[in-house]
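> Just need the structure, nothing else, for what follows:
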Amino acid sequence: MLCIFMQGICLGAKMNSRKSLIFPQFIVFIVFLILKLTSVITWSWLWVTSPLWAPFALVIGILALISVPIGVLLLVLIIVEWNN
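Alright, predicted model coming up:
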């Protein structure tokens with residue numbers, strides 16, 4: 001039994017009525033790890049492990065891009081109100 005979700009792949013072995021969930025990033029990491037350990041690729045370990053940390057870095061980057069302009073706008077509004 002194999003079911004595909006938006007966030008990952010569910011392999012149908014039921015354990016305590018829970019399905020094991022394997023995310024696509026983890027599968028890509030395993031592939032990169034095997035290729036690195038067999039010397040097929042000579043990438044840095046940073047790039048081999050990137051499927052694990054890159055989604056979090058992307059979310060943090062997007063939040064920073066959103067929050068910095070909002071913070072600057074709020075600061076300007078506070079300064080304008082302070083001067084009135």
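
> C-alpha only now, for contacts and for neighbours.
OK.

> pull the helix or strand with minimum mean pLDDT from the protein.
strand 2-4 (a mean of 44; mean pLDDT, DSSP states H and E).

> what residue lies at the spatial centre of the protein?
Most central in the chain under C-alpha atoms, centre = their mean is residue 55, positioned 1.6 Å from the mean C-alpha point.

> Could I get the buried residue list for the host helix or strand of it?
Using DSSP states H and E, residue 55 maps to helix 50-83. For helix 50-83, the neighbour count (16 or more other C-alpha atoms under 10 Å) marks 50, 51, 52 as buried.

> Quick check, the second one in contact with residue 30.
Which is residue 51. No: using C-alpha atoms under 8 Å, residue 51 is not in contact with residue 30; the gap is 9.4 Å.

> how about residue 42, phi and psi?
With angles defined as degrees, to the nearest 10, residue 42 sits at phi -120, psi 30.
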